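**Student:** Compute the structure for the input listed below.
(2 chains, ligands or ions: 2)
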Amino acid sequence: MSTSVTKLAYYPGCAGATHAVDQEMSTKAVFEQLGIELIEMEDWNCCGAAEAEDPNMVYALNARNLVIAEKEGLNVATPCSICFYNLARTDKALKEDENLRKKMRDMDPSLDYKGTINAKHTLDILVNDVGLDEIGKKIKKKVAVKVAPYYGCYLERPSEIGFDNPERPELMDKIVELAGGTPIPFRQMRIRCCGGPLMMTRGDLAFEMSKRVLEAAKKEGADCIITACPLCHMMLDAKQPDIEEFFNITIGMPVLYFSQLLGLALGVEPKKLALNKNIVSTKEIEEKVI
Amino acid sequence: MSVNAWELDPEFKYKVASTPGGENIMRCFQCSTCTASCPIADIDSNYNPRKTIRMTLLGMKNKVLSSDEIWMCAICQMCTERCPQDVRISDVMGAIRQVAEKEAEKGNIDIKSVRPTFEKAFMHQIEKYGRSYEIGLTMEYYQKVHKGFVSAMMAMQKDYTKLGMRLFKKGKMPVTSVLPEKIKRTDEVKKIFKSIGD
Ligand code: SF4
Ligand code: SF4
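**Tutor:** Ligands and ions are numbered 1, 2, ... in the order given. Next up is the predicted model:
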């Protein structure tokens, strides 16, 4: 499989295209190191995030995205958990249901998806398609840190869409080990929602949920958390000072994208991985790269 | 909680079951695995997805539709993953929310939660630009929730000054982000909204 991944249709998602520059830059740097070309999809639209309530709206919005990639004959790669969920469930629903395909086609020709490609999360592509052995050959440095691998939602569940073990996902753990770090157990917390979708409407609940994740990582002695989703990252990193203030506590937990951690191990310069753009300082992590 | 039989609407469960996402509601056998797995129920014991399903099946339409709980779900899919009956509660909750919005539009119920306002504002950005546009979204949402420009700006400033400065300092809110990222073929996206509605 490893040799066949050379080019992918890249779907950054709205976060990647705006504030999640750290994810964007580190994802691109990692794929560049591995010799895989990410070609940004032409004129892609928002996946509907967590706000499109009607599944048909999700299917239509993402049928348009899938068609754009299908025209190039490329599989879709996205670094965002929510985009992945919406793209992948649309791909599955349309492949399984001719009536739904017709419904989309009738709505507009731009939604006429034939189902000849796949949509995947970058984590899935790296571990399962490129392969750990292949990536292992390019590892140049050891990132000797204790890491809390935080999976949150969608990567592993619902399981007919997810690509990792729904109760105990492990793909990010493997990345940590490959990078020379140690994943902490982080048992229940690794799959607990960060509360992101509630941030704007029930901030109190969202803060409580994120606080629990951050505190568990701290209690278990992690040097940092890694995530694979810009919404989780926004909650745990950018909003960490707000959470500290809200609950009157100190956490000080660096939160990296898994692509930033992997990038360090691949010998990419911290600046190229946008580690200077993380809100909670990642200095101590960078110092442990040997 | 006592249930008054004459207040029940036996049609309600069919309404939910025929709304996209709600198809499997009738499979529920009330085991409570969903509630036991739910991170929101873990924080607020008033939140109970099993009970929401039961009340829906009983036909307690107004109570369910005007409840705050349906807007508290984080759509994390934990319940969906673990439900032994494949009820897909996360999606069922979404179907109930869709029914609630329609009923509220008709003036039949009152929704206290601000979430439908937020979701609408979010979808409006996609309809207009094809992408999410943070500033447009925040402006529309705050103006609707705080009823008017001035109070919206004040509330926004209170909620966002610190986060905004933090992101700005790190170069995560470049000056270009003031403007929306607009796709080229917005007509294709507008067509979707026209066919499905928001
Ligand atoms: S887990 Fe499924 S079957 Fe059990 S109470 Fe919840 S919805 Fe019903
Ligand atoms: S999807 Fe909603 S109801 Fe289900 S476990 Fe998550 S928060 Fe609870």
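
**Student:** Am I right that residue B:193 falls within a strand?
**Tutor:** No. Under DSSP: H, G, I helix; E, B strand; the rest coil, residue B:193 falls outside any strand and is assigned helix.

**Student:** Any idea how far the top helix by length along chain B is from the middle of the chain?
**Tutor:** As assigned by DSSP state H, the longest helix anywhere in chain B is helix B:149-169. Computed by CA atoms, centre = their mean, to the nearest Å, the chain-centroid distance of helix B:149-169 equals 23 Å.

**Student:** How about stretch A:77-90?
**Tutor:** 9 Å.

**Student:** what does stretch A:32-49 give?
**Tutor:** 13 Å.

**Student:** Equivalent analysis for stretch B:56-75, please.
**Tutor:** For stretch B:56-75 - counting by CA atoms, centre = their mean - the centre lies 12 Å from the chain centre.

**Student:** Please apply the same query to stretch B:118-126.
**Tutor:** 11 Å.

**Student:** so who does residue B:38 touch?
**Tutor:** By CB atoms under 8 Å, 6 or more residues apart in numbering or on different chains, the contact list for residue B:38 reads B:47, B:49, B:78-79. (Glycine included, C-beta is placed from N, CA and C.)

**Student:** switch the cut-off to 6 Å
**Tutor:** By CB atoms under 6 Å, 6 or more residues apart in numbering or on different chains, residue B:38 lies in contact with B:49, B:79.

**Student:** any idea where the helices of chain A begin and end?
**Tutor:** Using DSSP H, helices in chain A cover A:13-17, A:21-33, A:55-72, A:81-96, A:98-107, A:122-124, A:132-136, A:171-178, A:203-219, A:230-233, A:240-247, A:258-265, A:283-287.

**Student:** how about the ones you listed in TSV, adding distance to chain B, mean pLDDT and mean neighbour count?
**Tutor:** Formatted as TSV, the helices of chain A follow (distance: least, CB to the nearest CB, whole Å; pLDDT from 0 to 100; neighbours: other CB atoms under 10 Å in any protein chain shown):
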stretch	distance to chain B	mean pLDDT	mean neighbour count
helix A:13-17	4	85	24
helix A:21-33	6	96	23
helix A:55-72	4	98	24
helix A:81-96	8	98	23
helix A:98-107	5	97	16
helix A:122-124	17	98	24
helix A:132-136	26	97	15
helix A:171-178	17	98	21
helix A:203-219	5	97	20
helix A:230-233	11	96	27
helix A:240-247	7	96	16
helix A:258-265	14	98	28
helix A:283-287	14	96	15
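
**Student:** Export those as a markdown table, with columns for distance to residue B:132.
**Tutor:** As requested, the helices of chain A are exported to a markdown table (distance: least, CB to CB, whole Å):
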| stretch | distance to residue B:132 |
| --- | --- |
| helix A:13-17 | 4 |
| helix A:21-33 | 15 |
| helix A:55-72 | 11 |
| helix A:81-96 | 11 |
| helix A:98-107 | 21 |
| helix A:122-124 | 20 |
| helix A:132-136 | 32 |
| helix A:171-178 | 26 |
| helix A:203-219 | 18 |
| helix A:230-233 | 12 |
| helix A:240-247 | 21 |
| helix A:258-265 | 22 |
| helix A:283-287 | 30 |
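
**Student:** Relative to residue B:106, which of the ones you listed is closest?
**Tutor:** Nearest of the helices of chain A to residue B:106, taken as CB to CB: helix A:55-72 at 20.5 Å.

**Student:** other SSEs contacting that closest one?
**Tutor:** helix A:81-96, helix B:186-196 (3 or more CB pairs under 6 Å, 6 or more residues apart in numbering or on different chains; DSSP states H and E).

**Student:** Local confidence estimate at whatever residue of chain A ends up closest to ligand 1?
**Tutor:** Taking CB to the nearest ligand atom, ligand 1 has its nearest neighbour within chain A at residue A:158, 13.0 Å off. For residue A:158, the pLDDT comes out at 97.

**Student:** show me what contacts it?
**Tutor:** Taking CB under 6 Å, 6+ apart as the test, what residue A:158 contacts is B:77, B:80-81.

**Student:** likewise residue B:168?
**Tutor:** So residue B:168 contacts nothing (CB under 6 Å, 6+ apart).

**Student:** I'd like to know how far it sits from residue A:27.
**Tutor:** With distances taken as CB to CB, to the nearest Å, residue B:168 is found 23 Å from residue A:27.

**Student:** how many neighbours does residue A:159 have?
**Tutor:** Neighbour count for residue A:159, taken as other CB atoms under 10 Å in any protein chain shown: 14.

**Student:** Chain neighbours aside, what residue packs nearest to the residue in the stretch 151-290 of chain A that ligand 2 sits nearest to?
**Tutor:** Among the residues of the stretch 151-290 of chain A, residue A:193 lies closest to ligand 2, at 6.2 Å counting by CB to the nearest ligand atom. Excluding the flanking residues, the one nearest residue A:193 by CB to CB, 6 or more residues apart in numbering or on different chains is residue B:76, at 3.5 Å.

**Student:** what do you get for residue B:189?
**Tutor:** Per CB to CB, 6+ apart, closest to residue B:189 is residue B:130, 4.7 Å.

**Student:** pLDDT wise, what is the one you found at?
**Tutor:** 94.

**Student:** what's the angle from the longest helix of chain B to helix A:21-33?
**Tutor:** 40 degrees (axes from the mean of the first three to the mean of the last three CA atoms, to 10 degrees).

**Student:** For chain B, give me the ranges with low pLDDT.
**Tutor:** B:1, B:174-177, B:198 (pLDDT under 70).

**Student:** Domain ranges for it, per the record?
**Tutor:** Listed domain ranges for chain B are B:5-105, B:115-197 (source: automatic domain parsing).

**Student:** and among the ones you listed, the most buried is which?
**Tutor:** domain B:5-105 (a mean of 19; mean count of other CB atoms under 10 Å in any protein chain shown).

**Student:** Next, see if that one gets close to ligand 1.
**Tutor:** Yes. Contact of domain B:5-105 with ligand 1 (CB under 6 Å from any ligand atom) involves B:28-34, B:50, B:53, B:83, B:85, B:87, B:89.

**Student:** shouldn't residue A:288 be in contact with residue A:145?
**Tutor:** Yes. Counting by CB atoms under 6 Å, residue A:288 touches residue A:145, with 5.1 Å between them.

**Student:** ok, these two, which is more surrounded?
**Tutor:** Higher neighbour count among residue A:288 and residue A:145: residue A:145, with 24 against 17, using other CB under 10 Å.

**Student:** So the more buried one is in contact with residue A:183, correct?
**Tutor:** No. Look at residue A:145 against residue A:183 with CB under 6 Å: they stay out of range, at 10.1 Å.

**Student:** in terms of contact, does residue A:58 touch residue A:86 like I think?
**Tutor:** Yes. If you go by CB under 6 Å, residue A:58 and residue A:86 touch, sitting 5.3 Å apart.

**Student:** Find residues that contact each of these two.
**Tutor:** residue A:48.

**Student:** residues in contact with residue A:285?
**Tutor:** A:145, A:224, A:254.

**Student:** For residue A:34, the count of nearby residues, please.
**Tutor:** Other residues close to residue A:34 by other CB under 10 Å number 19.

**Student:** now the one 4 residues further on
**Tutor:** For residue A:38, the neighbour count with other CB under 10 Å is 20.

**Student:** One more: the one 10 residues further on?
**Tutor:** For residue A:48, the neighbour count with other CB under 10 Å is 25.

**Student:** For it, which residues are in contact?
**Tutor:** A:57-58, A:61, A:86.
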